[in-house]
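Asks: got a predicted model here, sequence first, then my questions.
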Amino acid sequence: MAITDNLEKMLAAGRDSAMLRFGLGSAYFNQQQYAEATPHLQACIDQDPAYTAAYKLLGKNHLKLDNKAAAKKTFTLGLPIAQDQGDKQAEREMLSFLKKLERQQD
């Protein structure tokens with residue numbers, strides 16, 4: 001049984017949380033099921049707007065779906081949150097993705 005099956009059962013049982021949604025989104029992302037990952041990662045951010053890892057992964061997920069505008073928006077929203085929280089790793093990665101996206105636009 002896939003990890004997503006177990007997590008989906010927890011969600012169906014009413015155990016919704018930002019952490020569960022991030023876990024589901026991350027599991028789908030790792031299984032290259034990007035369309036399935038999107039709503040869970042967005043729900044994670046909706047439930048906990050300070051969940052910097054969710055912004056980073058949702059942005060990467062948008063890139064996998066070739067939605068550069070959504071990726072840029074997600075990284076742009078997540079960057080100041082990572083900076084405010086002192087999450088240097090997320091900040092570096094989101095900055096790197098944003099710079100790469102800007103170079104591709106030139």
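Replies: Noted; the coordinates are in hand. These numbers were taken from a predicted model, which means no experiment stands behind them.
Asks: use CA for all of it now, contacts and neighbours both
Replies: OK.
Asks: enumerate every residue touching the most centrally placed residue in the chain.
Replies: Most central in the chain under C-alpha atoms, centre = their mean is L58, positioned 2.4 Å from the mean C-alpha point. L58 is in contact with 38, 41-42, 71, 74, counting by C-alpha atoms under 8 Å, 6 or more residues apart in numbering.
Asks: how about K56?
Replies: Contacts for K56 (C-alpha under 8 Å, 6+ apart) come out as 74-75, 78, 90, 93-94.
Asks: give me the mean pLDDT for the helix or strand hosting it.
Replies: Using DSSP states H and E, K56 falls within helix 52-64. Averaging the model's pLDDT scores along helix 52-64 yields 97.
Asks: hey, C-alpha coordinates of it in CSV?
Replies: The C-alpha coordinates for helix 52-64 follow below in CSV (Å, rounded to 0.1, in the frame of the first residue of the first chain):
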residue,chain,number,x,y,z
THR,A,52,7.8,27.7,4.3
ALA,A,53,8.6,24.2,3.1
ALA,A,54,5.1,24.1,1.5
TYR,A,55,5.8,27.2,-0.5
LYS,A,56,9.1,25.8,-1.7
LEU,A,57,7.6,22.4,-2.7
LEU,A,58,4.5,23.9,-4.2
GLY,A,59,6.7,26.2,-6.4
LYS,A,60,8.8,23.2,-7.5
ASN,A,61,5.6,21.3,-8.2
HIS,A,62,4.3,24.2,-10.4
LEU,A,63,7.6,24.0,-12.3
LYS,A,64,7.1,20.3,-12.9
